[in-house]
Structure formats: structure tokens, C-alpha cells
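J.: take a look and give me a structure for this.
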Amino acid sequence: MTKISDIQDRIDRLGQESSLSTEEANFIRGFWIQLNYSPQEQEEYSKLKERQDVLYANWLARRNGGMQDPRPMMMSTEEAEEWTMNIARSTQISHDIVMQRVIANHALRDQVWPELAPRVLRWRKLAEKPSEGLTGDEKRELETLENWFTKLQREALGEASKES
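T.: Next up, the predicted model:
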């Protein structure tokens with residue numbers, strides 16, 4: 001099979017997405033990207049985001065509270081340095097590490113997509129319900145889906161490490 005045929009085969013398989021709404025397809029793609037974060041990367045990224053939110057809130061408070069003096073509108077040198085380092089590390093995690101993993105895992109994604117898409121949509125439907133509103137069967141189904149996603153995440157993280 002030539003490279004062109006390989007590409008056409010991949011495009012044909014990905015064309016199965018056409019039955020999904022744009023919102024559903026975007027949600028599933030986002031879910032797939034999240035599966036390519038290791039738990040440690042996700043935790044670090046979340047902590048960096050929380051700290052950025054605090055720095056931004058502090059800056060907004062100074063800006064909104066000190067309109068007479070332009071200095072409160074600026075971040076302190078330490079805050080600006082921390083902001084820059086947080087942005088750099090967040091970018092490194094999300095783009096240089098995770099997105100490279102997503103790219104390395106395109107074959108796995110193509111392989112699991114027919115199963116992944118309906119499972120993600122079902123998981124979202126179940127996860128949106130309050131836990132006390134789930135029946136016993138729905139709770140078991142939710143647990144089964146989450147176990148499948150965990151296994152898939154381990155496979156995605158393992159596949160990417162083989163590519164490196």
C-alpha cells in the first residue's frame with residue numbers, strides 16, 4: 001500500500017465523524033487530547049493554571065482599585081517573572097509534550113475512534129447526571145467506561161513512549 005493509499009484510508013475512517021454534530025466531534029477530540037496527558041502532567045498543568053488565575057485576579061484587583069496611580073496596573077517583577085515561567089511551562093506541557101504525543105498516537109486514535117466516540121458520548125451523558133440519579137446499571141456502565149478510558153490512556157501513554 002502506498003503512502004497516498006494510507007492517507008486515503010485514514011481520511012475515509014476519519015470521515016465516519018460526519019454523523020456527529022460539530023459540538024460532539026469537538027468534545028470527543030478534546031477528550032482524546034485529555035487522555036494523552038499523564039496524570040502528573042495534568043496535575044502540574046492544573047496547578048499552573050490555578051496560579052495564573054490568582055496572578056491575573058490580583059492584577060485585575062489592582063487595576064480596578066487604583067486608577068489614579070498607574071503603578072498598581074502593573075504586576076510586580078516577581079509576579080511578572082512567575083507569570084512568564086508559568087506560561088512557558090504550560091505551553092511546553094500542552095504543546096510540546098502532549099500534542100506531540102497526540103500526533104505520535106494517530107494510529108491508535110484511528111484504531112479506537114469507532115469505539116471511542118460512542119463511549120465518550122455515553123460517558124458524558126451519564127456523568128452529567130447526579131450520582132444519586134443513576135440507576136445501578138448506569139453506575140456500573142459508568143465505571144466500566146471509566147475503566148476502559150483508563151486502560152486506553154495507559155495504552156496511549158505507552159504507545160507514545162515507544163515512538164520516542
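J.: quick one: pLDDT of Ser5?
T.: Per-residue confidence at Ser5 stands at 57 (pLDDT).
J.: what of Met74?
T.: Reported pLDDT at Met74 in the predicted model: 74.
J.: residues near it, how many?
T.: With neighbours defined by other C-beta atoms under 10 Å, the count for Met74 comes to 12. Where C-beta positions appear, they are placed from N, C-alpha and C, glycine not excepted.
J.: tell me who's in contact with it.
T.: Contacts of Met74 were listed using C-beta atoms under 8 Å, 6 or more residues apart in numbering, and they are Ala80.
J.: now do 10 Å
T.: The neighbours of Met74, taking C-beta atoms under 10 Å, 6 or more residues apart in numbering as the test, are Trp59, Arg62, Arg63, Ala80.
J.: swap in Met85?
T.: Neighbour list for Met85: Leu48, Arg51 [criterion: C-beta under 10 Å, 6+ apart].
J.: repeat that for Ser21.
T.: In this structure, Ser21 makes contact with Phe27, judged by C-beta under 10 Å, 6+ apart.
J.: try Ala117
T.: When contacts are counted by C-beta under 10 Å, 6+ apart, Ala117 touches Gln16, Glu17, Ser19, Leu20, Glu24, Ala25, Phe27, Ile28, Arg29, Phe31, Trp32.
J.: got it, and Glu155?
T.: Counting by C-beta under 10 Å, 6+ apart, Glu155 makes contact with Leu35, Asn105, Leu108, Gln111, Val112.
J.: so which of the residues you listed is the most crowded?
T.: Each of the contacts of Glu155 was scored for neighbours by other C-beta under 10 Å, and Leu35 scores highest at 24 neighbours.
J.: count of neighbours near the nearest residue to that one once chain neighbours are set aside?
T.: When the adjacent residues along the chain are set aside, Leu35 lies closest to Gln153, with 4.6 Å between them (C-beta to C-beta, 6 or more residues apart in numbering). Residues lying near Gln153 (other C-beta under 10 Å) number 16.
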